[in-house]
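>>> sequence and predicted structure below; questions after.
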Amino acid sequence: MKLGSLKEGGRDGTLIVVSRNLARAVRADGIASTLQQALENWSNTAPRLNALFEALEAGSAEGAFDLDMQELASPLPRAYEFLDGSAYLPHVARVRRARGAEVPDSFYTDPLMYQATSAGFLGPRDPVPVPSEEFGIDLEAEIVVITDDVPMAATPEQAAGHIQLIGLVNDVSLRNLIPGELAKGFGFLQSKPRSALSPVFVTPDELGDAWRSNKLHLPLVTHVNGEWFGAPEAGVDMQFDFSQLVAHAAKTRPLSAGTIVGSGTIANEDTSKGASCFAEKRTVEALEHGKPQTPFMSFGDTVRIEMLDAAGDSIFGAIEQRIERYTPEA
């Protein structure tokens, strides 16, 4: 099934069930008011939501309506935790190589992960507000999984059973702020503003054979200003699968229902597949030409992030955003 949230009913939106072709939807507030509420009682709500999804697909769901993507918030407009990994080591290796550093051996056995911003997500069609172009505005096209309650010290095998939904994220980064923050030795803060999630999240069964070994085996397609930017294969060159990432996050603490765990920027050894962020593209250019040739994003630039199934149909809907100058309210 596919689930989303309307921009109504308060900060956490109103839960809706969405048709497989993303054309129709029905409110699910008779089952759970919000997606967060549904995830907190998933064993009870999931079967009822799935029954509503089947009714919607059959054309028999009462109150069904045509879906307007502009009316959607992110499926989780805010979440208790967003834990973002960096599971694609070709990306890590290139960035480190560009500055003359090697990849430590531990990176191959112990995932990179940080606590990301989750108090609010931009809607999938909302603009990205940034105070200054000098901050080095970048997109990051990633896959995320959403869990129910995960016990502390869960093994990867146990963690796999707690992955209930899958989606996409544009994990916005301000690259020119990152070096100064990392130099302090205390992680990201100002360099990681709010991100945007895909219009819908889907259950693993919606992905068919594309979801196997706890990885999503499809290209993640990014366009910038209408031009193809990249389509790396998400199931290739992923050092740690999602069960390993979730288990890593839960090593010393339980994860609350609604926790989002990200894959990190999708990247392949094969650079002909393009990139999922400007930092990756600029690093490849620096390695090939001695310096980056592509600037970071500017006000007015647009980004589209989408994943298509084997038939060419959008699975999660597209994240479509415009970079805009932030103007403080008077």
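Thanks, I have the structure now.
>>> and the strand or helix carrying Ser5, C-alpha only, in CSV?
For Ser5, the host element (DSSP states H and E) is strand 2-6. C-alpha atoms of strand 2-6 as CSV (Å, rounded to 0.1, in the frame of the first residue of the first chain):
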residue,chain,number,x,y,z
LYS,A,2,0.9,3.7,-0.3
LEU,A,3,0.5,6.3,2.4
GLY,A,4,0.7,10.1,2.5
SER,A,5,-0.3,13.1,4.5
LEU,A,6,-2.4,16.1,3.5
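>>> from here on, count from 59
OK, 59 is where the count begins now, so the last one is strand 60-64.
>>> who are the packing partners of that strand?
strand 72-76, helix 93-98, strand 130-131, strand 259-260 (3 or more C-beta pairs under 8 Å, 6 or more residues apart in numbering; DSSP states H and E). Where you see a C-beta, it was placed from the backbone N, CA and C, and this is true even at glycine.
>>> got any ranges where the stretch 209-358 of the chain has weak pLDDT?
Low-confidence segments of the stretch 209-358 of the chain, defined by pLDDT under 70: none present.
>>> the strands in the stretch 159-308 of the chain, which residues?
Along the stretch 159-308 of the chain, the segments classed as strands by DSSP state E, counting those that start in this stretch run 171-173, 186-188, 195-196, 199-205, 221-228, 231-232, 254-255, 259-260, 269-270, 273-274, 279-282, 285-288.
>>> can I get those in JSON lines with mean neighbour count and distance to Gly316?
What follows is these, written out as JSON lines (neighbours: other C-beta atoms under 10 Å; distance: least, C-beta to C-beta, whole Å):
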{"stretch": "strand 171-173", "mean neighbour count": "15", "distance to Gly316": "15"}
{"stretch": "strand 186-188", "mean neighbour count": "19", "distance to Gly316": "23"}
{"stretch": "strand 195-196", "mean neighbour count": "24", "distance to Gly316": "26"}
{"stretch": "strand 199-205", "mean neighbour count": "26", "distance to Gly316": "7"}
{"stretch": "strand 221-228", "mean neighbour count": "25", "distance to Gly316": "10"}
{"stretch": "strand 231-232", "mean neighbour count": "22", "distance to Gly316": "23"}
{"stretch": "strand 254-255", "mean neighbour count": "28", "distance to Gly316": "12"}
{"stretch": "strand 259-260", "mean neighbour count": "24", "distance to Gly316": "11"}
{"stretch": "strand 269-270", "mean neighbour count": "16", "distance to Gly316": "20"}
{"stretch": "strand 273-274", "mean neighbour count": "22", "distance to Gly316": "20"}
{"stretch": "strand 279-282", "mean neighbour count": "20", "distance to Gly316": "26"}
{"stretch": "strand 285-288", "mean neighbour count": "16", "distance to Gly316": "30"}
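>>> right, so of those, which gets closest to Pro135?
strand 254-255 (8.7 Å; C-beta to C-beta).
>>> neighbouring strands of the strand holding Ser63 in the sheet, and parallel or not?
strand 72-76 (antiparallel), strand 130-131 (antiparallel), strand 259-260 (antiparallel) (DSSP bridges).
>>> what's the angle from that strand to strand 199-205?
100 degrees (axes from the mean of the first three to the mean of the last three C-alpha atoms, to 10 degrees).
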